[in-house]
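In: Here is a sequence together with a model predicted from it:
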Amino acid sequence: MARTYSEEVALLTSAIPALAAYDFDGDALDISGNSEDATVTGATLSTDRRGIANRCYLLDGTNDKIACGNIGTNLSVSMWINVVDITATDQILEGSANAKYILSTAGALTSDEFTDFYVDWVASTTLTAGRHHLVATKTTWLAMSAATIGLIDASYGNFYVDDVYFFPVELTAAQVLSIYNQQRIQGAPVTHTLVKFSTPYLVKDYMHEILTLSSAGTGTFTIKFCGSMSDTAPNFAAAQSNTNRRDYVDIKDYQSWSSIDGDTGVAFTADDVRIFEVNTNGLKRIWWILTSYTAGTVSLRLQCFGNS
């Protein structure tokens, strides 16, 4: 007696061509291929969000600015930013004729042009202290013949800035998440504590499960497994206090015939296929968790075998 569940998760979408792109890797050259190099006034190179020296710019809030080229018709801008004093007013991006494109007032984001903001891929108009991925979008074309980072109408901003991209499309929430994930993993490794919960699989009538997992793409992944005696997913942000739940469940690798701690998980590389066994006796549901990834697609096929 058996039944099969299938689920596939795409982690990163294809790259979106940029009108202008500045990674600030030691300079302010446009890496998009459109030759819209920026002009830096006063701003100094500093250590970026991944701890790499000379890979972002610090603007002092007094007279520093970065004047970008003729961006053209633009719908979205993406950047990494760290405001030095989140309680202050910081001019982040100015357009033509002193237009207020992005302004932070004690962390509250406003704009005369952009209609939607994302902070760390979540729709939000609030910045907090620390380094964040910031995206501003709109639905109608914005003629951006001039764009200046760190300046709005003779007032300046005091912040670190990195990886500034201007796009000719209104970025969707999925595209924002894709850019966020991709840029977080470049450079020094970054651990994602929780990326994706699978569908909760009902296993209450089964004692064992055989899981076949396959990955495709160019990245690496870690898959973890968890189970519960209730319909609610375990809370991994804190220790389990409810005795009616379990958190991570151990699995057995059919390839090496070794037991794997569910909290440690299984590391995958591209184009990998693995088979595991999970003892689900006493559990009502199980989940798999996708974490610590780079790029690619993970496919999961799950078979549950009963006593008969």
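Out: That came through fine.
In: Name the next helix or strand following the helix or strand bottoming out on mean pLDDT in the chain along the chain.
Out: Least confident helix or strand, the chain: strand 2-10 with a mean of 50, by mean pLDDT, DSSP states H and E. Later in the chain than strand 2-10, the nearest helix or strand by DSSP states H and E is strand 20-22.
In: can you pull up the bridge partners for the closest residue to Phe114 other than its chain neighbours?
Out: Closest residue to Phe114 apart from its sequence neighbours, by C-beta to C-beta, 6 or more residues apart in numbering: Ala136 at 3.8 Å. (C-beta placed from N, C-alpha, C; glycine too.) Beta-bridge pairing of Ala136 under DSSP bridges involves Val77, Phe117.
In: In this structure Ala136 contacts Ser111, no?
Out: Yes. Using C-beta atoms under 8 Å, Ala136 makes contact with Ser111 at a distance of 6.2 Å.
In: Between the two, which is the more surrounded one?
Out: Ala136 (24 against 19; other C-beta atoms under 10 Å).
In: And that one, how close does it get to Ala106?
Out: Ala136 is 18 Å from Ala106, where distance means C-beta to C-beta, to the nearest Å.
In: how about low-confidence regions in the stretch 201-308 of the chain?
Out: 201-202, 204-207, 214-220, 230-248, 262-263, 270, 288-308 (pLDDT under 70).
In: rerun that using 50 as the cut-off
Out: Low-confidence segments of the stretch 201-308 of the chain (pLDDT under 50): 236-245, 307-308.
In: can you count the residues close to Gly26?
Out: 10.
In: Local confidence estimate at it?
Out: Note on Gly26: pLDDT of 93.
In: Quick check: chain neighbours aside, which residue is closest to it?
Out: Asn54 (5.1 Å).
In: tell me, how many neighbours does the one you found end up with?
Out: 14.
In: So for it, what pLDDT did the model give?
Out: Looking at Asn54, the pLDDT reads 93.
In: can I assume it is in contact with Ser46?
Out: Yes. With contact defined as C-beta under 8 Å, Asn54 reaches Ser46; the gap is 7.5 Å.
In: if we can go back for a sec, which residues are in contact with both of Ala136 and Ser111?
Out: Taking C-beta atoms under 8 Å, 6 or more residues apart in numbering as the contact rule, the neighbours common to Ala136 and Ser111 are 101-102, 117.
In: any idea which of the residues you listed is the one closest to Ala154?
Out: Tyr101 (15.3 Å; C-beta to C-beta).
In: list the contacts for the closest one?
Out: Residues near Tyr101 by C-beta under 8 Å, 6+ apart: 77, 92-95, 111-114, 136, 147, 152.
In: buried subset of these?
Out: For the contacts of Tyr101, a burial check counting by 16 or more other C-beta atoms under 10 Å picks out 77, 92-95, 111, 113-114, 136, 147, 152.
In: can I get those residues in JSON lines with distance to Arg50?
Out: Below are those laid out as JSON lines (distance: C-beta to C-beta, whole Å):
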{"residue": "Val77", "distance to Arg50": "21"}
{"residue": "Ile92", "distance to Arg50": "21"}
{"residue": "Leu93", "distance to Arg50": "23"}
{"residue": "Glu94", "distance to Arg50": "28"}
{"residue": "Gly95", "distance to Arg50": "29"}
{"residue": "Ser111", "distance to Arg50": "28"}
{"residue": "Glu113", "distance to Arg50": "30"}
{"residue": "Phe114", "distance to Arg50": "27"}
{"residue": "Ala136", "distance to Arg50": "23"}
{"residue": "Ala147", "distance to Arg50": "25"}
{"residue": "Ile152", "distance to Arg50": "28"}
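In: Among those, which are located in helices?
Out: Judged by DSSP state H, helices contain none of the buried ones among the contacts of Tyr101.
In: Just the helices from this protein, written as ranges.
Out: 173-185.
In: Give me the below-cutoff pLDDT ranges for the stretch 51-200 of the chain.
Out: Using pLDDT under 50, the flagged stretches of the stretch 51-200 of the chain are 186-195.
In: wait, which of the contacts of Tyr101 is closest to Glu209?
Out: For these, the minimum distance to Glu209 (C-beta to C-beta) is 45.0 Å, reached by Ala136.
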